[in-house]
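Student: Here you go, sequence then predicted model.
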Amino acid sequence: MFFRKLPGVSASGMGLRLSQKFVFLLFLSGLVTLCFGALFFLPDSVRLKRIFLSKTENQAVTVGSENGARDHTKKVNRDQEHLRGITPGRGETSTKLKSMSRKPSVTYEARTAEKAAAGKSPEDWNQARSKDEPGKAATGSEKQTASARHGEHRAAFDYEKFKKCLLKPPLGTEQGKPSDLQTQQRRDKVKEMMKFAWDNYKRYAWGKNELRPLTRNGHIGNMFGGLRGASIVDSLDTLYIMGLMDEFQEAKEWVQNNLDLNSNGEASLFEVNIRYVGGLLSAYYLTGAEVFKNKVIELGEKLLPAFNTPTGIPRGVINLGSGTSWSWGWASAGSSILAEFGTLHLEFVHLTELSSNPVFTEKVMNIRKLLNKIEKPHGLYPNFLSPVSGNWVQHHVSIGGLGDSFYEYLIKSYLMSDKTDEEAKKMYYSALEAIEANLVQKSPGGLTYMAEWRGGLLDHKMGHLACFSGGMVGIGADDGPPEKRQHYLDLAAEITHTCHESYSRSATKLGPEAFRFDGGAEATATRLSDRYYILRPEVIESYMYMWRLTHDPKYRQWGWEAVEALEKHCRVEAGFSGIRDVYATTASHDNMQQSFFLSETLKYLYLLFSDDDLLSLEDWVFNTEAHPLPIIRRTCPQEQEADGVPPE
């Protein structure tokens, strides 16, 4: 017998009572099982499943074909649904390369409280070890823990101390107003262009991601995973530095009241990072408004699950609601893209700075650790890397789309660390040596350009996206080997000159998406699919940097030529639009006012015609979307001087 007979209870009575208990327990067990199972069918069930299922079961999958994905990824594409007849570009998937790269995105329509207070550098954070292994998925409880820490995090960053440690006021002594009348008038013209673009966005596309100026409506696209207001967030710092304060206040209020981060769609990790994270970070550092800091930390946490791979190399697409991530369907063999996972460092280090949470810096340092470990063909970094094996997938190397901003973030990581990040410095100059040895070419006409490398074979073309490299090589010239400093400055000038030639040789005086140096071509597009211009900033970006480095007046003149061309060929009744053929005298517009036109193109033009103390390069670096991020100093020069210690 499994029970003992109790005094005063008959065997039959006891049997009945046990039967009732058994039935009750059986019913209760079934009810619990049913309720527990039902949790998996709730709308937010993906988060619950991630708590209970193993990592393998929650593994992301690669979806879509190469062509299909291209219609939805830029700087994997800079977003935009594919122009009819135009290849996507920075703002789209078509730019195909940059989409994944420095600025493209795809569908055309388609950086402890005590540490922060003490001004610890990224180097100090590196010594910390994250509790999460690279391949471990973040659980719901871990997310809640991170959110619960927000209170202490947000109290940790001392904004007033940060401002005192800047060498110069962010907006300069007189908002960067130039001394000569002509330059002042040209700057005023750029400001008017910004107001015109903004006013039309506000009138016809407010709250949407971008303006379609011909049809006078808004464009959402699928690049931001349900996030809205890309043009608003991208424009915050531009409006502020131009002194368009009413417009800035409108944008700030929209962010506070309408920027909903609880989206549930497919977002480009790259595009969300450079535009939204970068835009919110710069807005906070320029103004100190807590709403920007709160929003950006929350958004940064939503991006972390993309790193839950066997190697810690993030996948390119993430669902901001569920945390599920996967690779672009067009990316070779489920690869991650060099310019995408290599263009996170600046923003994630600053996320750690503001939140005092080292996990952001740890994630990007893990990427660097892996890249240092694997073999690089001829010292070059191919564009495709498997987030599962950590191996290169193809030996295609480009300083344009797919590769570009990875190199930019190496030198800028070094500069942003107040020149203490020696690892980034070493990686940058080693890469630059390999680029010079294998990719830098001289055309028969004497033009210096950067070719693309495909397994040892050179493709003698240069993309518009690669034209940022003139500025990149320029800002890194002073910190290279002393005997090569002038050489690097000369190289920067030569590349910038070549990119100017691509503009001056077109009928519109605007440059094509890609131009070639073979078959008799010299800095001209030979394919119809390369002739479009989607308001890209890279050439003007290099003009701005080269002006600040050399003060050669030709860079301001070249910038003004671009302003005139934009006014003549891209300005329409309700905004600015890209054009399909820079060689055609009659413009065919693509009906898209890219958000990066407001964030980058017009900002770089405004800075070009301003004095150097407006966002001084002594205090600021610009992310690849032109959002200024401050240099992180271990010690404050002003405090040292007050203590009688000469600044380092």
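Tutor: Cool, got the structure.
Student: In contact with residue 505, which residues?
Tutor: Residues in contact with residue 505 (Cβ atoms under 8 Å, 6 or more residues apart in numbering) are 522, 523, 524. Heads up, the C-betas are built off the backbone N, CA and C, glycines and all.
Student: residue contacts, residue 571?
Tutor: The contact partners of residue 571, by Cβ under 8 Å, 6+ apart, come to 193, 196.
Student: Tell me where the stretch 101-250 of the chain has strands.
Tutor: Along the stretch 101-250 of the chain, counting by DSSP state E, counting those that start in this stretch, strands occupy 105-108, 210-212, 217-219.
Student: worst average pLDDT in those strands?
Tutor: Of all the strands of the stretch 101-250 of the chain, mean pLDDT reaches its minimum on strand 105-108 (a mean of 33).
Student: Could I get the pLDDT score of residue 332?
Tutor: pLDDT for residue 332: 87.
Student: For residue 599, what are phi and psi?
Tutor: phi -80, psi -40 (degrees, to the nearest 10).
Student: returning to what we had before: and which of the contacts of residue 505 is nearest residue 545?
Tutor: Within the contacts of residue 505, the smallest distance to residue 545 is 20.0 Å, found for residue 523 (Cβ to Cβ).
Student: What are the neighbouring residues in contact with the closest one?
Tutor: 443, 447, 449, 462, 498, 501, 502, 505, 515, 517.
Student: Sticking with the fifth one, tell me its helix or strand.
Tutor: Secondary structure assignment for residue 498, by DSSP states H and E: helix 485-504.
Student: Next, please give the residue ranges for the helices of the stretch 251-400 of the chain.
Tutor: Remark: helices assigned in the stretch 251-400 of the chain by DSSP state H, counting those that start in this stretch are 269-271, 278-287, 290-303, 338-341, 345-355, 359-373.
Student: hmm, who's touching the third one?
Tutor: Think helix 290-303. Residues contacting helix 290-303 (Cβ under 8 Å, 6+ apart): 143, 146-147, 150, 153-154, 157, 236, 252, 255-256, 259, 261, 269, 272-273, 276-277, 280-281, 283-284, 318, 320, 323, 347-348, 351, 354-355, 360.
Student: re earlier: pick the one among the contacts of residue 523 closest to residue 196.
Tutor: Of all these, residue 196 sits closest to residue 502, with 26.4 Å by Cβ to Cβ.
Student: Just checking the distance from the host helix or strand of residue 541 to the centre of its chain.
Tutor: Element membership of residue 541 [criterion: DSSP H and E] is helix 538-550. Offset of helix 538-550 from its chain centre (Cα atoms, centre = their mean, to the nearest Å): 20 Å.
Student: what comes up buried for the next helix or strand after it?
Tutor: Next in sequence after helix 538-550, counting helices and strands by DSSP H and E, comes helix 553-565. Going by neighbour count (16 or more other Cβ atoms under 10 Å), the buried part of helix 553-565 is 555, 556, 558, 559, 560, 561, 562, 563, 565.
Student: elements contacting the helix holding residue 541?
Tutor: Helix 538-550 sits against helix 469-475, helix 485-504, helix 553-565, helix 602-608, with contacts defined as 3 or more Cβ pairs under 8 Å, 6 or more residues apart in numbering; DSSP states H and E.
Student: Please list the outside residues in contact with it.
Tutor: Here helix 538-550 makes contact (Cβ under 8 Å, 6+ apart) with 102-103, 464-472, 474-475, 477, 489, 492-493, 495-496, 499-500, 502-503, 511, 552, 555-556, 558-559, 562, 600-601, 604-605, 607-608, 612, 617, 626.
Student: Buried ones among the residues you listed?
Tutor: Taking 16+ other Cβ under 10 Å as the criterion, what is buried in those is 102-103, 464-472, 474-475, 477, 489, 492-493, 495-496, 499-500, 502-503, 511, 555-556, 558-559, 562, 600-601, 604-605, 607-608, 612, 617, 626.
Student: Which pLDDT value belongs to residue 222?
Tutor: For residue 222, pLDDT reads 86.
Student: Residue 504 now?
Tutor: Residue 504 carries a pLDDT value of 98.
Student: One more: residue 635?
Tutor: Model confidence at residue 635, given as pLDDT, is 87.
Student: One more: residue 40?
Tutor: 39.
Student: follow-up on the earlier one: what's the closest of the contacts of residue 505 to residue 167?
Tutor: When those are compared against residue 167 (criterion: Cβ to Cβ), the nearest one is residue 523, at 38.7 Å.
Student: Excluding chain neighbours, what is closest to the residue nearest to the spatial centre of the chain?
Tutor: The C-alpha lying nearest the average C-alpha coordinate of the chain belongs to residue 274 (Cα atoms, centre = their mean; 2.2 Å). The shortest distance from residue 274 to any non-neighbouring residue, by Cβ to Cβ, 6 or more residues apart in numbering, is to residue 625 (4.2 Å).
Student: which ones are touching the one you found?
Tutor: Contacts for residue 625 (Cβ under 8 Å, 6+ apart) come out as 75, 103, 234, 274, 275, 278, 279, 596, 599, 600.
Student: and the third one, how far is that from residue 197?
Tutor: Pointing back at residue 234 there. 11 Å (Cβ to Cβ, to the nearest Å).
Student: what is in contact with these two at once?
Tutor: residue 598.
Student: which of these two has more neighbours?
Tutor: Under the neighbour definition other Cβ atoms under 10 Å, residue 234 and residue 197 were set side by side, and residue 234 has more, 28 against 25.
Student: Quick check: the more buried one touching residue 599?
Tutor: Yes - contact criterion Cβ atoms under 8 Å: residue 234 and residue 599 qualify, at 3.8 Å.
Student: Give the residues shared as contacts by the two.
Tutor: Residues touching both residue 234 and residue 599 by Cβ under 8 Å, 6+ apart: 275, 279, 625.
Student: Can you name the residues that contact the first one?
Tutor: The reference is to residue 275. So residue 275 contacts 224, 230, 233, 234, 595, 596, 599, 625 (Cβ under 8 Å, 6+ apart).
Student: What's the separation between it and residue 470?
Tutor: For residue 275, the distance to residue 470 equals 23 Å [Cβ to Cβ].
Student: Number of residues surrounding residue 455?
Tutor: Residue 455: 10 neighbours (other Cβ under 10 Å).
Student: Isn't it up against residue 395?
Tutor: Yes - with contact defined as Cβ under 8 Å, residue 455 and residue 395 form a contacting pair (4.3 Å).
Student: thinking again about what came up before, any chance of the helices of the stretch 251-400 of the chain in CSV, plus mean neighbour count and distance to residue 569?
Tutor: Below are those laid out as CSV (neighbours: other Cβ atoms under 10 Å; distance: least, Cβ to Cβ, whole Å):
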stretch, mean neighbour count, distance to residue 569
helix 269-271, 34, 26
helix 278-287, 26, 28
helix 290-303, 21, 35
helix 338-341, 32, 29
helix 345-355, 26, 33
helix 359-373, 20, 40
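Student: Kindly reformat those as JSON lines containing mean pLDDT.
Tutor: Listed next are the helices of the stretch 251-400 of the chain as JSON lines, based on pLDDT from 0 to 100:
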{"stretch": "helix 269-271", "mean pLDDT": "98"}
{"stretch": "helix 278-287", "mean pLDDT": "98"}
{"stretch": "helix 290-303", "mean pLDDT": "98"}
{"stretch": "helix 338-341", "mean pLDDT": "98"}
{"stretch": "helix 345-355", "mean pLDDT": "98"}
{"stretch": "helix 359-373", "mean pLDDT": "98"}
